[in-house]
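*Asks:* what follows is a predicted protein model with its sequence.
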Amino acid sequence: MRRPLVLLSCLLALAVVAAACQPQAPPPELEVHFVDVGQGDGILVRVPGGGDLVIDGGRRSSGFADYVKRQGVSSLAIVVATNPDADHIGGLIAVLKELRVEEVWLSGQPNNTQTFEDFVDAIAVAKAKTTEVRRGQQRALGDASITVLHPIEPFFSGRNNNSVVLRLDYREVSFLFAGDAERQAEDSMLKAGLELKATVLKMGHHGSRTSSSPAFVAAVAPQHAVYQAGRNNQFGHPHPEAIAAVKAAGATVLGTNVKGTIVMTSDGSAIKVR
């Protein structure tokens, strides 16, 4: 009886290896994971029809790459660094080292920190294509489309107002990811007459009063507003002014400092939150 048992064990092992080598299956619904990375931004988006992307990754210690891998993701079509600060790009270093990445989107604005240097080195080692995105660029990803709303040239002063801002459309639902964009960037998008209305707004700059101006939030008119901030953070995020603005627009407000990781799924017509 020993040989059949050994043979069975070998067949099972081969089946496991074969399953691991299969391409990752696209999810049946759109998934947007606002990951609790502490005081920082880290978002995983899984798109029906194929194509996963991440938008920022928190700090080095955020554990963001491990979270992404636990979702069954082994490769990413796009990695977006909305700005070059450590609370956005630190966790992306591990993403670039541990997952296959096809393309990295950047604002093109540098930073003079070791974290930024390590991030640039990780992109080179991963041999990922780099694109400095600008307003108006569009990209199809699976069954969704992505539009770059910001930045523009010439750059504004300061890194936050040059954040990459994206709009993702999937059938009848849409997400606006505002990065760390502050009021100067928001005013620029308003004056440009861009399509800003979205089902979900990822609030700018962790829910700071420097972002989410009443005029901008009114133009977005979100059903849900999400901010990413650390528990008891030293900056006092989210600020009451920003929360008041999104509530005045009729949005349900969710924050990672209160709820932990927030996952939204959609069939293209409605959104479920867990």
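*Replies:* In hand now; what should we look at? Numbering: from 1, shown residues only.
*Asks:* quick one: contacts for residue 175?
*Replies:* By CB atoms under 8 Å, 6 or more residues apart in numbering, the contact set of residue 175 is 32, 45, 167-168, 198-202. C-beta here means a position set from N, CA and C on the backbone, and glycine is covered the same way.
*Asks:* so it, which state does it fall into?
*Replies:* strand (DSSP: H, G, I helix; E, B strand; the rest coil).
*Asks:* lowest-scoring secondary structure element of the chain by mean pLDDT?
*Replies:* None of the helices or strands of the chain scores lower by mean pLDDT, DSSP states H and E than helix 2-21, at a mean of 43.
*Asks:* what helices or strands is the helix or strand following that helix leaning on?
*Replies:* Next helix or strand after helix 2-21 toward the C-terminus (DSSP states H and E): strand 30-34. Other elements packing on strand 30-34 under the criterion 3 or more CB pairs under 8 Å, 6 or more residues apart in numbering; DSSP states H and E are strand 42-46, strand 262-266.
*Asks:* go again using 10 Å as the cut-off
*Replies:* strand 42-46, strand 52-57, strand 165-170, strand 173-177, strand 200-202, strand 224-227, strand 262-266, strand 271-273 (3 or more CB pairs under 10 Å, 6 or more residues apart in numbering; DSSP states H and E).
*Asks:* distance to residue 83 added to the ones you listed, as CSV?
*Replies:* Converted to CSV, those look like this (distance: least, CB to CB, whole Å):
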stretch, distance to residue 83
strand 42-46, 13
strand 52-57, 8
strand 165-170, 10
strand 173-177, 12
strand 200-202, 14
strand 224-227, 16
strand 262-266, 21
strand 271-273, 27
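*Asks:* and those: which comes nearest residue 193?
*Replies:* Residue 193 sits nearest to strand 165-170 of all these, at 13.9 Å, using CB to CB.
*Asks:* how distant is that closest one from the center of its chain?
*Replies:* Centroid displacement of strand 165-170 relative to its chain, using CA atoms, centre = their mean, to the nearest Å, is 10 Å.
*Asks:* each with direction, which strands does it pair with?
*Replies:* Strand 165-170 has the following sheet partners, assigned by DSSP bridges: strand 144-150 (antiparallel), strand 173-177 (antiparallel).
*Asks:* read off the pLDDT value for the closest residue to residue 178 other than its chain neighbours.
*Replies:* Spatial nearest neighbour of residue 178, excluding adjacent residues (CB to CB, 6 or more residues apart in numbering): residue 204 at 3.8 Å. Residue 204 carries a pLDDT value of 98.
*Asks:* give me phi/psi at residue 204?
*Replies:* phi -70, psi 150 (degrees, to the nearest 10).
*Asks:* show the contacting residues for residue 87.
*Replies:* Residues near residue 87 by CB atoms under 10 Å, 6 or more residues apart in numbering: 37-42, 56-59, 62, 115, 180, 206, 228, 230.
*Asks:* is it fair to say it lies in a helix?
*Replies:* Yes: the assignment for residue 87 by three-state DSSP puts it in a helix.
*Asks:* how close does it sit to residue 210?
*Replies:* From residue 87 across to residue 210, the span is 15 Å (CB to CB, to the nearest Å).
*Asks:* over to residue 268?
*Replies:* 34 Å.
*Asks:* the two: which is more packed in?
*Replies:* The residue with more neighbours, out of residue 268 and residue 210, is residue 210; 19 against 15, by other CB atoms under 10 Å.
*Asks:* tell me the secondary structure at the more buried one.
*Replies:* Per three-state DSSP, residue 210 ends up coil.
*Asks:* residue 169 versus that one, what's the distance?
*Replies:* Using CB to CB, residue 210 is found at 27 Å from residue 169.
*Asks:* I'd like the strands paired with strand 165-170 laid out as TSV, including mean pLDDT and distance to residue 160.
*Replies:* TSV is the format used below for these (pLDDT from 0 to 100; distance: least, CB to CB, whole Å):
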stretch	mean pLDDT	distance to residue 160
strand 144-150	98	11
strand 173-177	98	14
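*Asks:* my read: residue 31 touches residue 53, true?
*Replies:* No: with contacts counted by CB atoms under 10 Å, residue 31 stays clear of residue 53, the gap being 11.3 Å.
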